[in-house]
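Engineer: Provided below are the primary sequence and the corresponding predicted coordinates.
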Amino acid sequence: MSDLFLPDGLTRTDGTLYVESVPLTQVAQQFDTPCYVYSAAAIRNAYREFVEAFAGLDPLICYAVKANGNLSILRLLSQLGSGFDIVSGGELSRVLVAGGDAGKVVFSGVGKSAAEMAQALQAGVHCFNVESAAELHRLSQVASRLGLRAPVSLRVNPDVDAGTHPYIATGLKESKFGVAYADAFALYEEAARLPGLDVTGIDCHIGSQITDLAPFIAALEKTLDLARRLRTSGIPLRHLDLGGGVGIRYRDETPIVLADYARAIAERLQGSGLRLLLEPGRRIIGNAGLLLTRVEYLKTSSDHRFAIVDAAMNDLIRPSLYEAWHEIIPVIERPEASAPLDVVGPVCETGDILARGRHLSVSAGDLLAILSAGAYGASMGSNYNARPRPPEILVDGHTAHLIRRRESVEDLYRNEWPLA
Ligand code: LLP
């Protein structure tokens, strides 16, 4: 833990870890563990970092709801002026209930149902990011039936390697996402002829947790080239959506400097007449949240040491699913231990491992903070092993607001009944 990285919003004061002005010991006492804790200031700062870096371009920033769709977080971002990138009718409902502006929503995803299309058309979303010819035809039909025209972008697959985990790389040829680059031009011509569509933009998203600028630039140049060719052929576009994917620091990564990203885009977009759209998720919420957990037991089995904690893979699946590395630190400062241990949860799966080989000196009852868990933590949570999902707490200055209460066991079988 020599060069420990403490994300924005976290401090250690007199040996105790705080989120803004609230000690995590107090959060545990008030809300019990496990629980997710977010810093409102960190979310605001991360959003403003985008606004400031891209100020010259006046982009539409559409926060990717899938990273964390808690209503209070959506409201906070909407109050800052954010738009939203959604992938389902459920996410659209969340945005609207939270007070988000439908006119700043882009609808992504490969499998939109006719009902979801109708819901989004009636709400008046900014754009549909369409991913196949079949989807284009369905959308035109649904819009025509409603007497509306659907604003569309094609999500083009630029076939660039984002150099990220294969499960979260989406811009390669073999990925299920997007329209093949070579087919996109013809598909745009087809879209322009369909009665229910209004062709407004072009979109790409090449993957997630990207820490190198080069793949973004390669994707931008390819989509921009296509947009220019379309304009020459009488299909002028109004916006270019570069998706999300900007990575964060979990351990020792060097994230992209947003000002560099903005400069690279501005140089290339200049004179194109295209407005920039961005769909950041992780970069806004990832480092702004942590999972607070308590050690239940220490266990040694044939020399292997385990700390069994009360959080598990159902609460945070990233380590099990992607072998993702999350920093884990004690809430009350302790010296580093020499012998490593694995931090595991109570779920009955060998893969229920939150971290391996950590030099934590812990005792039963100790509180641990699993850092950088704000993105794809709570939103990917499940009830596996009949575990109620943890509460979510948003700290703002001196106040810890409960923004999702702990599920009860009854919540888990609310929609079931034992068949007579
Ligand atoms: N736009 C589209 C079309 C996307 O598919 C995604 C993420 C985003 C934006 C936001 O990407 P971000 O800025 O957050 O990287 N569960 C995985 C990440 C999956 C990302 C899926 N798509 C994880 O925990 O790492």
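Structural biologist: Arrived safely. Residues are numbered from 1 along each chain as shown.
Engineer: what about K112, is that helix, strand or coil?
Structural biologist: Secondary structure, DSSP: H, G, I helix; E, B strand; the rest coil: K112 is coil.
Engineer: list the contacts of it.
Structural biologist: A120, F128, E135, R138, L139 (Cβ atoms under 8 Å, 6 or more residues apart in numbering). No exception for glycine: its C-beta is placed from N, CA and C like everyone else's.
Engineer: in helices only, show me these.
Structural biologist: Judged by DSSP state H, the subset of the contacts of K112 located in helices is A120, E135, R138, L139.
Engineer: TSV please, covering those residues and showing neighbour count and distance to the ligand.
Structural biologist: Listed next are the ones in helices among the contacts of K112 as TSV, based on neighbours: other Cβ atoms under 10 Å; distance: Cβ to the nearest ligand atom, whole Å:
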residue	neighbour count	distance to the ligand
A120	25	15
E135	21	14
R138	17	19
L139	24	17
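Engineer: JSON lines for those, including pLDDT?
Structural biologist: Shown next, in JSON lines, are the ones in helices among the contacts of K112 (pLDDT from 0 to 100):
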{"residue": "A120", "pLDDT": "98"}
{"residue": "E135", "pLDDT": "97"}
{"residue": "R138", "pLDDT": "98"}
{"residue": "L139", "pLDDT": "98"}
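Engineer: so which of those residues comes closest to R358?
Structural biologist: A120 (44.1 Å; Cβ to Cβ).
Engineer: tell me the spacing between the residue lying closest to that closest one once chain neighbours are set aside and S361.
Structural biologist: Nearest residue to A120 in three dimensions, chain neighbours excluded: F107, at 5.0 Å (Cβ to Cβ, 6 or more residues apart in numbering). Shown here: F107 relative to S361, a distance of 49 Å by Cβ to Cβ, to the nearest Å.
Engineer: of these two, who's got more company?
Structural biologist: F107 (30 against 13; other Cβ atoms under 10 Å).
Engineer: correct me, but the more buried one touches L92?
Structural biologist: Yes. Contact status for F107 versus L92: in contact at 7.2 Å, counting by Cβ atoms under 8 Å.
Engineer: next, show the common contact partners of those two.
Structural biologist: I86, E116, A120, V125.
Engineer: could you pull up phi and psi at the first one?
Structural biologist: The one in question is I86. phi -120, psi 160 (degrees, to the nearest 10).
Engineer: for the protein, which spans come out with low pLDDT?
Structural biologist: 1-3, 164-173 (pLDDT under 70).
Engineer: what residues does it have near the ligand?
Structural biologist: Residues of the chain found near the ligand (Cβ under 6 Å from any ligand atom) are 64, 67, 85, 108, 168, 205, 208-209, 243-246, 279-283, 318, 322, 375-376.
Engineer: residues in contact with the residue nearest to the spatial centre of the chain?
Structural biologist: Nearest residue to the geometric centre of the chain (Cα atoms, centre = their mean): A67, 2.4 Å. Counting by Cβ under 8 Å, 6+ apart, A67 makes contact with G281, R282, I284, I285, G286, G374, A375, Y376, S379.
Engineer: in strands, which of those fall?
Structural biologist: Per DSSP state E, strands hold no members of the contacts of A67.
Engineer: show me where the stretch 251-400 of the chain has its helices.
Structural biologist: Counting by DSSP state H, counting those that start in this stretch, the stretch 251-400 of the chain has these helices, from start to end: 258-269, 282-285, 318-322.
Engineer: which secondary structure elements does the second one contact?
Structural biologist: Meaning helix 282-285. Other helices and strands packing on helix 282-285, by 3 or more Cβ pairs under 8 Å, 6 or more residues apart in numbering; DSSP states H and E, are helix 40-53, strand 60-64.
Engineer: residues contacting the closest residue to N385 other than its chain neighbours?
Structural biologist: In this structure, N385 finds its nearest non-sequential neighbour in V347, 5.0 Å apart by Cβ to Cβ, 6+ apart. Residues counted as contacts of V347 (Cβ under 8 Å, 6+ apart) are A312, M313, N314, Y384, N385, R387.
Engineer: beta partners of the residue in the stretch 1-150 of the chain that the ligand sits nearest to?
Structural biologist: Proximity of the stretch 1-150 of the chain to the ligand (Cβ to the nearest ligand atom) peaks at A64, 3.5 Å away. Here A64 shows beta-bridge partners D85, assigned using DSSP bridges.
Engineer: pretty sure it sits against D85.
Structural biologist: Yes. Between A64 and D85 there is a contact at 4.5 Å, judged by Cβ under 8 Å.
Engineer: overlap in contacts of these two?
Structural biologist: With Cβ under 8 Å, 6+ apart as the test, A64 and D85 both reach G244, E279, G281.
Engineer: mind putting those residues into CSV with neighbour count?
Structural biologist: Below are these laid out as CSV (neighbours: other Cβ atoms under 10 Å):
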residue, neighbour count
G244, 24
E279, 27
G281, 25
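Engineer: just the closest of those residues to T25, please.
Structural biologist: Distance ranking of those against T25, using Cβ to Cβ, places G281 first at 30.2 Å.
Engineer: name the helices or strands packed onto the longest helix seen in the chain?
Structural biologist: Using DSSP H to define each element, the chain has its longest helix at helix 213-232. If you count contacts as 3+ Cβ pairs under 8 Å, 6+ apart, helix 213-232 packs onto strand 150-157, helix 181-193, strand 197-203, strand 239-241, helix 258-269.
Engineer: pull out the buried residues from it.
Structural biologist: Neighbour-count burial for helix 213-232 flags P215, F216, I217, A218, A219, L220, K222, T223, L224, L226, A227, L230 (criterion: 16 or more other Cβ atoms under 10 Å).
Engineer: and it, how far out from the chain middle?
Structural biologist: Computed by Cα atoms, centre = their mean, to the nearest Å, the chain-centroid distance of helix 213-232 equals 24 Å.
Engineer: before I go, just wanted to say thanks for your time.
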